[in-house]
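> take this sequence and fold it.
(one chain, ligands or ions: 1)
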Amino acid sequence: MAIEFSAAVKRIPVYPAAGAYALPEDVALLASNESPEPPLEPVVAAVAAILTGVNRYPDPTNAKLRGALSDRYDVPVSRIAIGNGSCDILLAAGEALLEPGAELVYAWPAFSVYPHLAAATGATDIRVPLNDAQEHDLDAMLAEITAATRLVLVCNPNNPTSTAIPLDDIARFLDAVPKHVCVILDEAYCEYNTLDDPDASIDLLSKHPNLVLLRTFSKVYGLCGLRVGYALCGSDTFVTAVNQVRQPFFCNAAAQAAAVESLRHGDAVAARVERAVVARIELEDGLNDLGIAPAASQANFAWFDLPVPDGQDTTEFEREIVTGLTEQGILVRAGGALGRPGALRVTYGTPQQNQRFLAGLSSLLS
Ligand SMILES: *Cc1c(COP(=O)(O)O)cnc(C)c1O
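Numbers count the residues shown, from 1 in each chain. Predicted coordinates:
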């Protein structure tokens, strides 16, 4: 007899992990929206310094990190949640807010973790298609909110499509959402967004106690290997609820120390953003030269439809290109697994990696 698992396990999709983590040669890892730059020197030193004390459990209140975030963003510590990556907070929010009969609204394609929330809790999942510019259609999302809605997810900039919507539109959306509905604004890429200052959305918290800004140290801070994210919240009840449903020590000591140290180096972060914006222009120009028009990116990656030759199957062509790039040691993410067959998502790498990707794609298309 085999082990019998729960209905939730049968529903939860398996995360589409990027392949080839064990490839030995010089691989361009452009599949997971990571930073191509190593963590900052003082951050590495802060992690090294904490290691001699790991016979003790980490601080379950994350006091230093929450204090540092409170100082940085002027949000009270009681309204700051920490997580083992921001996905930890996202999944905890699902557990804290959702149950059978409750509804969850989000755009699609968006972040591949979102479908887990309804699957894990038995709630009803309502996916609202993006508009033709591959942006959230906030009016259409608003139209899906009912008395049963508990949670709305807005990913801005959106993964995998890279597009962002102006904060003014989000502010109008929030004015129209009933206050008992929690809205999580997933801002994993907000530092790369040139449409609005990343600090501007914080002003919305004082007006909307149902708002949660979900952020991470995984992307621009380059700490995804340690797992630490945070949420700036409109009310402290969200923080209490997500802490209730998780184990007490959800954020390890090294991650907490690295995050605290990272917040002391805003200039280095700004320089990284500048390099990402240069990469954005290089990739956009290079793709345009190949006759490809990527979506208007405000993130650290490009998203575009492959030019599928007449008569060829879209999924088959996508596989051919992704396989061809992999054989050249260039790992990107296939759109089919992310909700749009025939599209590719390509993380900005180092200037050399970006050129290598463009040359590789060019050779496969010609
Ligand atoms: C990468 C990413 C995250 C961050 O996940 P972590 O758990 O913090 O590493 C969250 N949301 C989106 C949309 C992402 O792309």
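> stretch 54-63: end-to-end distance?
End-to-end distance for stretch 54-63: 17 Å, by CA to CA, to the nearest Å.
> quick one: the helix or strand harbouring residue 285 to chain centroid distance?
Using DSSP states H and E, residue 285 sits in helix 266-289. Distance of helix 266-289 from its chain centroid, counting by CA atoms, centre = their mean, to the nearest Å, is 18 Å.
> same check, this time on stretch 270-290
Taking CA atoms, centre = their mean, one finds the center of stretch 270-290 at 19 Å from the center of the full chain.
> give the rounded mean pLDDT of that stretch.
Confidence for stretch 270-290, expressed as mean pLDDT, is 97.
> alpha carbons of it, in PDB - could you do that?
Extracted in PDB, the C-alpha atoms of stretch 270-290 (Å, rounded to 0.1, in the frame of the first residue of the first chain):
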ATOM      1  CA  ALA A 270      21.100  52.100  -6.400                       C
ATOM      2  CA  ALA A 271      24.200  51.300  -8.500                       C
ATOM      3  CA  ARG A 272      22.900  47.800  -9.200                       C
ATOM      4  CA  VAL A 273      19.600  49.200 -10.400                       C
ATOM      5  CA  GLU A 274      21.500  51.500 -12.700                       C
ATOM      6  CA  ARG A 275      23.400  48.500 -14.200                       C
ATOM      7  CA  ALA A 276      20.100  46.700 -14.600                       C
ATOM      8  CA  VAL A 277      18.600  49.600 -16.500                       C
ATOM      9  CA  VAL A 278      21.600  49.600 -18.800                       C
ATOM     10  CA  ALA A 279      21.100  45.900 -19.400                       C
ATOM     11  CA  ARG A 280      17.400  46.500 -20.000                       C
ATOM     12  CA  ILE A 281      18.300  48.900 -22.800                       C
ATOM     13  CA  GLU A 282      20.900  46.600 -24.300                       C
ATOM     14  CA  LEU A 283      18.600  43.600 -24.300                       C
ATOM     15  CA  GLU A 284      15.700  45.600 -25.700                       C
ATOM     16  CA  ASP A 285      17.900  47.000 -28.500                       C
ATOM     17  CA  GLY A 286      19.300  43.500 -29.200                       C
ATOM     18  CA  LEU A 287      15.900  41.900 -29.400                       C
ATOM     19  CA  ASN A 288      14.500  44.700 -31.600                       C
ATOM     20  CA  ASP A 289      17.400  44.000 -34.000                       C
ATOM     21  CA  LEU A 290      16.100  40.400 -34.200                       C
END
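> what does the helix holding residue 285 contact?
Applying CB atoms under 8 Å, 6 or more residues apart in numbering, the contact partners of helix 266-289 are 35, 37, 40, 191-192, 194, 220-222, 262, 293-294, 297, 300, 302, 304, 346, 348-349, 351, 354-355, 357-358. Bear in mind the C-beta positions are built from the backbone N, C-alpha and C, glycine included.
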